[in-house]
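Peer 1: everything below, folded, please.
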Amino acid sequence: MKKAIFVYYLIGLSTLRIQRGTLWINLLLPAGGYQGKISNFSNKNSTPTDEKANAKKQSLLGLIRPESLTVTTIQEHEGEVTLHPTIVEPRPMRKRSEAVRRKEPRKQQKPSVPVELRCDHCNECLTSFDEETISLCLIAVETFLHREPVMAAPILFSLLHTVTRLIDHPIYPWHDTEMFVPGNCRSVAKQMLRVTLHQLSSSGICLQLFDTPISRTDSFWKVVSLSLADFQELSPVYFIQLLFEDLAENWLPQLTTTMRNLAAYVVEVPYDAYINHWSTAIAHMETFFRRYHTQISAEGAAKPTRSELESGIIVMSHVLKVQNFSAFKSAVSLVDSFCKWLAEAFHGCPVKLESLLTVCTACNRALIRERDKQSISRAVVAELIQAIKSPCSGKIKGFNSYVSECISIKHCPIIALLLLQKETNSDAIGGDLKVKLAEAIAVEMSRSNTRDCRTVIRFIPWLMSPPSVTQAAPGAFADSVTNVRVLSWLLLGALHANHGCLPVPIECSQHMADYIHFVLAGFADQSKQSVVHMSALFHAFHLCQLWTVYCERAAVFSSTTAFPHLLDFWARVTPAILQLLSHSKVLADMVNLHFLNTIQALQQVNSALLCQLYPMWAPILTAYHSQIPNQLRIKLDSCENQPSLSPPPLSDWLKKVRYKISQVELQTSAASPYYNV
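Peer 2: Coordinates of the predicted model:
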């Protein structure tokens, strides 16, 4: 009698049942199911001829088994038992003409086959399962992963992705809470996920997961972080540390996917827990950025993409928010390594301004020492300044818009109009750039809730200690002119911002007047030494104009003491102007011209101060001359006319002022090689 026993090493789960003497094996494979009738033990009177016929019949049916299945045949004779192991690889029968054909080596995508699960007893289609069944299935899959990790490797990510979807979509309302319910399939799924990750952590599962493209990135990593939250053997932060350890052993040539997944995962990790694990992870992160910078700095190496740069900034911004970050041993070295990598990554791809502001603000709040706080900001500003100083790329020079071909030769008025509008942005681009930078600085200085002088002491401490006329250092006059220019640009930036932007408190009006008084007092002796000193009178009077408009706007919107401080300011400045008029006729003409321009500028903005002080200012114009010169009479007559009830917008006046200041600075820098524009 001949018996056949088949021993199968299954890829999926196998279920055995015996029904009416027949052995059935249901194979749950990844692509679907397989159900085959293997052997019949109920008919004991079957002859060998019948068995051969049945075997031939099953071979004709073309029953396909996996190639790894091993079949062992046991033959029994009288008094002798022999074993003959064989490898069975049956194939379906086909015609001779079809056997010669060979398929072309084309990669065709296999269509997805729907899987139907049916009951073993009634053959009814199963559409839903209870929690106990799902939990048992998860336990069976986890057992398979635990015992046969090599066989489970091809479908490992599909299994993990399916389990995370089960956790992310709660079946019942209590699944979405932290309450533990016995027999909860969501808890079993979380346990399966954490045990699987912990078991395969030494096999590089972290690097494989982070280097895999994921469609549902946010929900996937949120579930992973949630599952590892209360797991002592593998915390969410230790999972990041394992990733950096795997990268140290096996560096990837392309880190776009890894950085994107790391950025999506790190935002889900709590930064106020696992402090000890964070300390070790930050040390590994510092090594990672240092090596990353070395890789991209090599000659001919590929630069990071924009996605890598944005992801790296997100990772660093979240790490800087970790509780007690400054107390970690590798905190400062991590920031330095990140700064070098960020500066090198700037050379190859753009970045959003919001991302830079986020990481700079996080660094400023995370560290303690002033030098360390500004590390990232200093690196970013250095690269921006270098970009401004560097010439434009040569690719833009060959760009042709073909506008000239759209205009025929007969359209001479258009060409004449273009020639009349020859003034390009090159004349005003310096002033526009500086006023935007000044506006950003003014807004940053105004962020403090206090309106005292502490902000001034922090940013511009020299304003609180103006030089003395009697005890002035040799270079004090040049430094004072530079400070007056800086104050003018700062006030211009504040006036371009909103009404609540007050970078310089109104109480500093006395120090502002002292600086202008020092410049006016030393102009008669210092004006002939250099071109820089010759422009001092221009900058001093423009600072008077800007401070007047600045205080009047503050008096309208925020400060009740601004106007008295403004009157005190002019009470200190006017004697210095009168003293300067008594030197010489040439100097008196220069002062009268600047003073009349100041009156005209205040008249254009409809200044309230001009109405009160004009009776006192009018005699200043005739202090040296018995009567006003003819070239100044025309300007004075236009100022004495009734001003319009609706003055022009302040932005137009500010545009003219910044253009004048930028042009004077540009001309001065062209004449003096040591002039700092």
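Peer 1: tally of neighbours for the closest residue to residue 356 other than its chain neighbours?
Peer 2: In space, and not counting its chain neighbours, residue 356 is closest to residue 380: 5.7 Å by CB to CB, 6 or more residues apart in numbering. Where C-beta positions appear, they are placed from N, C-alpha and C, glycine not excepted. Applying other CB atoms under 10 Å, we find 19 residues neighbouring residue 380.
Peer 1: one more: residue 127?
Peer 2: 7.
Peer 1: could you pull out the strands for the stretch 51-200 of the chain?
Peer 2: 70-77, 80-86 (DSSP state E, counting those that start in this stretch).
Peer 1: no, scratch that, I was asking about the chain
Peer 2: Listed in chain order, the strands found in the chain under DSSP state E are 2-7, 13-19, 22-29, 32-40, 70-77, 80-86.
Peer 1: phi, psi of residue 119?
Peer 2: As for residue 119, its main-chain torsions (degrees, to the nearest 10) stand at phi -70, psi 140.
Peer 1: excluding its backbone neighbours, what's nearest it?
Peer 2: residue 126 (6.2 Å).
Peer 1: okay, now the one you found: neighbour count?
Peer 2: Per other CB under 10 Å, the neighbour tally for residue 126 reads 10.
Peer 1: could you do residue 139 as well?
Peer 2: Residue 139: 13 neighbours (other CB under 10 Å).
Peer 1: what's the answer for the one 4 residues further on, then?
Peer 2: Here the count is done by other CB under 10 Å, and residue 143 has 12 residues near it.
Peer 1: please tell me how far it sits from residue 483.
Peer 2: With the distance defined as CB to CB, to the nearest Å, residue 143 ends up 77 Å from residue 483.
Peer 1: cool, residue 236 as well?
Peer 2: Note on residue 236: its distance to residue 483, by CB to CB, is 52 Å.
Peer 1: so what's the closest residue in space to residue 504 that isn't next to it in sequence up against?
Peer 2: Nearest non-adjacent residue to residue 504, counting by CB to CB, 6+ apart: residue 456, 6.4 Å away. Residues in contact with residue 456 (CB atoms under 8 Å, 6 or more residues apart in numbering) are 463, 464, 504, 505, 508.
Peer 1: can I have the buried ones of the residues you listed as a PyMOL selection?
Peer 2: Here is the PyMOL selection string for the buried members of these, based on 16 or more other CB atoms under 10 Å:
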select buried, resi 463+504+505+508
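Peer 1: now tabulate the contacts of residue 456 in a markdown table and tack on pLDDT and distance to residue 251.
Peer 2: Shown next, in a markdown table, are these (pLDDT from 0 to 100; distance: CB to CB, whole Å):
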| residue | pLDDT | distance to residue 251 |
| --- | --- | --- |
| 463 | 88 | 52 |
| 464 | 88 | 54 |
| 504 | 89 | 52 |
| 505 | 87 | 54 |
| 508 | 88 | 56 |
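Peer 1: what is the nearest of the contacts of residue 456 to residue 230?
Peer 2: residue 505 (52.4 Å; CB to CB).
Peer 1: give me the phi and psi for the closest one.
Peer 2: Residue torsions, per degrees, to the nearest 10, at residue 505 are phi -60, psi 150.
Peer 1: that one reaches residue 457, doesn't it?
Peer 2: No: the pair residue 505 / residue 457 is not scored as a contact, 10.8 Å apart, by CB atoms under 8 Å.
Peer 1: which residues touch the spatially closest residue to residue 512 that is not a sequence neighbour?
Peer 2: Leaving out its chain neighbours, the residue that sits closest to residue 512 by CB to CB, 6+ apart is residue 547, at 5.8 Å. Taking CB under 8 Å, 6+ apart, we find residue 547 in contact with 491, 509, 512, 566, 569.
Peer 1: got CSV for the residues you listed, with neighbour count, pLDDT and distance to residue 212 too?
Peer 2: Output for those, formatted as CSV (neighbours: other CB atoms under 10 Å; pLDDT from 0 to 100; distance: CB to CB, whole Å):
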residue, neighbour count, pLDDT, distance to residue 212
491, 25, 92, 56
509, 23, 89, 64
512, 25, 91, 62
566, 24, 91, 66
569, 21, 92, 67
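Peer 1: take the residues you listed and keep only those in helices.
Peer 2: Per DSSP state H, helices hold the following members of the contacts of residue 547: 491, 509, 512, 566, 569.
Peer 1: looking at it, the fourth one is touching residue 507, isn't it?
Peer 2: Spelled out, it's residue 566. No: counting by CB under 8 Å, residue 566 stays clear of residue 507, with 12.0 Å between them.
Peer 1: show me where the stretch 551-677 of the chain has helices.
Peer 2: Using DSSP state H, counting those that start in this stretch, the helices of the stretch 551-677 of the chain run over residues 562-581, 585-604, 608-617, 630-640, 650-671.
Peer 1: before we move on, what about the stretch 251-400 of the chain?
Peer 2: For the stretch 251-400 of the chain, helices defined by DSSP H, counting those that start in this stretch occupy the ranges 256-266, 275-297, 306-319, 331-345, 353-366, 370-373, 375-389.
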